[in-house]
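[1] Based on what follows, work out the 3D shape:
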Amino acid sequence: MCSRLFLPIRERTDCYTRLALCDARGPLNDLLEKLSGENGSLWLADLNQLLRQPRPTSTKPPVKLRKASGRSRAQAEESHVIDCDNLPWITSNFKRVQWSQKGKFAWDPKRAKLYLPASQETKAYKGHELKDELQNLPIMGVAVRDFLLSHPELIPEEWKDYYILFWRTVYVDLQDHLWIPSLVYYKEGWHENFKSLECDSLFSGNYRTLLYEP
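    Predicted coordinates for the structure are as follows:
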């Protein structure tokens with residue numbers, strides 16, 4: 001399996017560090033809940049198949065991930081306009097980025113919400129399946145994620161429990177694998193992250209999609 005959870009930790013420029021148990025607590029709790037649920041036997045079969053696969057070597061996360069800037073509320077109020085026309089930030093581990101969200105708009109928190117398809121509450125989607133299901137919804141791109149990184153005081157407290165996905169932008173790495181930008185709360189702060197769409201990567205109920213209602 002080539003998908004992997006990776007988090008920018010301990011303020012290091014090298015993000016290839018071994019995950020501590022506390023880092024994986026959220027996914028582990030989610031897995032235990034599914035194993036003890038109605039479809040536990042199916043989850044166990046998939047888990048056993050996953051563990052028999054070789055350790056990933058080719059697909060790597062982008063280097064030097066960024067953390068929220070911690071601007072003051074006064075600074076944040078200077079500009080809440082999001083410019084989606086600028087080329088998204090890209091690292092050396094990606095060779096190109098695809099984004100379809102254009103234009104500028106002023107951020108209104110009342111129009112933003114986290115979305116979970118009803119079927120995702122009981123099953124984990126494969127990445128491309130979930131991506132196709134969301135295409136007709138008002139999903140957001142990486143410009144919105146980067147705006148929220150610059151204005152963490154605008155992020156609702158209840159969002160800390162989820163991995164927040166921004167499907168309007170897709171990154172392509174050096175092996176032509178696809179990655180969706182995300183936002184995650186970790187170690188008392190908000191960080192950028194990326195979630196792979198490749199190798200049967202699964203999206204369970206703790207992955208939420210940011211929608212921005214028109």
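[2] ranges for the strands of the chain?
    Assigned by DSSP state E, the chain shows strands spanning 81-83, 94-99, 104-106, 112-115, 125-126, 163-165, 169-173, 178-186, 189-196, 202-203, 207-212.
[3] which one of those strands lies closest to P138?
    strand 207-212 (5.2 Å; CB to CB). Every C-beta, even on glycine, is put in place using the N, C-alpha and C of the backbone.
[4] Tell me the helices and strands packed up against the closest one.
    Applying 3 or more CB pairs under 8 Å, 6 or more residues apart in numbering; DSSP states H and E, we find strand 207-212 packed against strand 112-115, strand 163-165.
[5] Just name the most buried of those strands.
    Highest mean neighbour count among these (mean count of other CB atoms under 10 Å): strand 163-165, with a mean of 23.
[6] List the neighbouring strands of it plus their orientation.
    In the sheet, strand 163-165 lines up against strand 178-186 (antiparallel), strand 207-212 (parallel) (DSSP bridges).
[7] Make JSON lines out of these and add distance to Y162.
    Listed next are the strands paired with strand 163-165 as JSON lines, based on distance: least, CB to CB, whole Å:
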{"stretch": "strand 178-186", "distance to Y162": "8"}
{"stretch": "strand 207-212", "distance to Y162": "4"}
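[8] and these as CSV, adding mean neighbour count and distance to Y115?
    What follows is these, written out as CSV (neighbours: other CB atoms under 10 Å; distance: least, CB to CB, whole Å):
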stretch, mean neighbour count, distance to Y115
strand 178-186, 22, 14
strand 207-212, 21, 5
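[9] Just tell me which of the strands of the chain ends up closest to M140.
    M140 lies closest to strand 207-212 among the strands of the chain, at 4.9 Å (CB to CB).
[10] could you dump that closest one to PDB, C-alpha only?
    In PDB, the C-alpha atoms belonging to strand 207-212 read as follows (Å, rounded to 0.1, in the frame of the first residue of the first chain):
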ATOM      1  CA  TYR A 207     -12.300  12.700   6.900                       C
ATOM      2  CA  ARG A 208     -14.600  15.600   6.200                       C
ATOM      3  CA  THR A 209     -15.000  17.800   3.100                       C
ATOM      4  CA  LEU A 210     -15.200  21.500   3.400                       C
ATOM      5  CA  LEU A 211     -18.200  23.000   1.600                       C
ATOM      6  CA  TYR A 212     -18.800  26.700   1.000                       C
END
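[11] what angle do it and strand 189-196 make?
    Compare the direction of strand 207-212 with that of strand 189-196 by axes from the mean of the first three to the mean of the last three CA atoms, to 10 degrees and you get 110 degrees.
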